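*Asks:* structure for the following, please:
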Amino acid sequence: MSKLVIVGTVAFDAVETPFGKTDKILGGSASYIGLSASQFEVDSAIVSVVGGDFPQDYLDLFLKRDIDISSVEIIKEGKTFFWSGRYHNDMNTRDTLVTELNVLENFQPIVPDAYKDAKILVLGNLHPIVQSSVLDQMTDASTLVILDTMNFWMDHALNDLLEVIKRVDVITINDEEARQLTGEHSLVAAAKKIHKMGPEYVVIKKGEHGALLFNGTNVFFAPALPLESVFDPTGAGDTFAGGFAGFLAQTENISFENMKKAVIYGSTLASFCVEKFGTERLESLQAEEVRTRLKAFKDLTRFEIELTT
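*Replies:* Numbering: from 1, shown residues only. Modelled structure (predicted):
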């Protein structure tokens, strides 16, 4: 069974959308990535930090999904990272209301010895210097490194971010961030520039409009499944990354053709994530539901056409 290491935040979120609002619930990039990847036969571990206020029930949830949490540091006298946000009516834009770093402010991740040779490493959204420190701990040069980042680091730590990007194999980024990082409006041109920065594979997420996968001259587009209702988009990108990484770890195949399938799995799992607040839908998700939605994805994109000369 392939090893998958997930380094990111385990947090509290409080979310408000046009459909309702929550108190503090489970959030954080590593939480979404881990729960999504647990749909696959992989040996996964989360590296993160929480405070003494973090409920044991949430830690038990990870354990029930066979996720190793021995490197989730618990600082009993500290408080867990907290984020609060409000989504606009279009569900694509949001306002951050509160960000409390708390124990995350001085987080120094330590990868467990048993996972330093993992086949796949996912670097969730953290400061680029912290991400670099994780790369320094990995012992197998063949580890596939998947990086997720955001525009905040482009604004506040661009040089550090560019140094990390040089060292990764796959970057997952949304369309707005890809344009900001490269100064290119065309996503094809943006992907070419990002390739030159280091990553062999570039995944550009377009939210409700799907995702693009670039590898040299190869391009693949996966649409987003049309959904009747989108309740809460929080964590959808991380859920995508977890499905993408989990599928690659399970299949042990990092060819472009297999990455195309990984994009479909990532998109499928993300489509479940948005149906309820926070991680709630991922917590109850069954394998049969995933198979049914994958079939719907296949039916959505399959067609036959006769080309006349």
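
*Asks:* low-confidence ranges, the stretch 201-309 of the chain, go.
*Replies:* Residues of the stretch 201-309 of the chain meeting the criterion pLDDT under 70: 309.

*Asks:* which parts of it are strands?
*Replies:* 201-205, 211-215, 218-222 (DSSP state E, counting those that start in this stretch).

*Asks:* need the winner for burial among these.
*Replies:* strand 201-205 (a mean of 25; mean count of other CB atoms under 10 Å). (Each C-beta comes from the backbone N, C-alpha and C, glycine too.)

*Asks:* counting contacts, what elements does it pack onto?
*Replies:* Applying 3 or more CB pairs under 8 Å, 6 or more residues apart in numbering; DSSP states H and E, one finds that strand 201-205 contacts strand 170-174, helix 175-182, helix 187-197, strand 211-215, helix 236-251, helix 256-273.

*Asks:* for residue 162, which of these is the nearest?
*Replies:* helix 187-197 (6.6 Å; CB to CB).

*Asks:* could you list the residues in contact with that closest one?
*Replies:* 162, 165-166, 171, 173, 175, 178-179, 181-182, 184, 202, 204, 212, 214, 216, 219 (CB atoms under 8 Å, 6 or more residues apart in numbering).

*Asks:* return a ChimeraX selection command for the buried portion of those residues.
*Replies:* Buried members of the contacts of helix 187-197, defined by 16 or more other CB atoms under 10 Å, are picked up in ChimeraX with:
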select :165,171,173,175,178,179,181,182,184,202,204,212,214
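
*Asks:* so what's the residue count around residue 114?
*Replies:* 14 (other CB atoms under 10 Å).

*Asks:* look up the closest residue to residue 77, ignoring the ones flanking it.
*Replies:* residue 52 (6.3 Å; CB to CB, 6 or more residues apart in numbering).

*Asks:* correction: the previous question concerned residue 248.
*Replies:* residue 262 (5.1 Å).

*Asks:* tally of neighbours for the one you found?
*Replies:* As a measure of burial, residue 262 has 26 neighbours, counting by other CB under 10 Å.

*Asks:* alright, that wraps it up for me.
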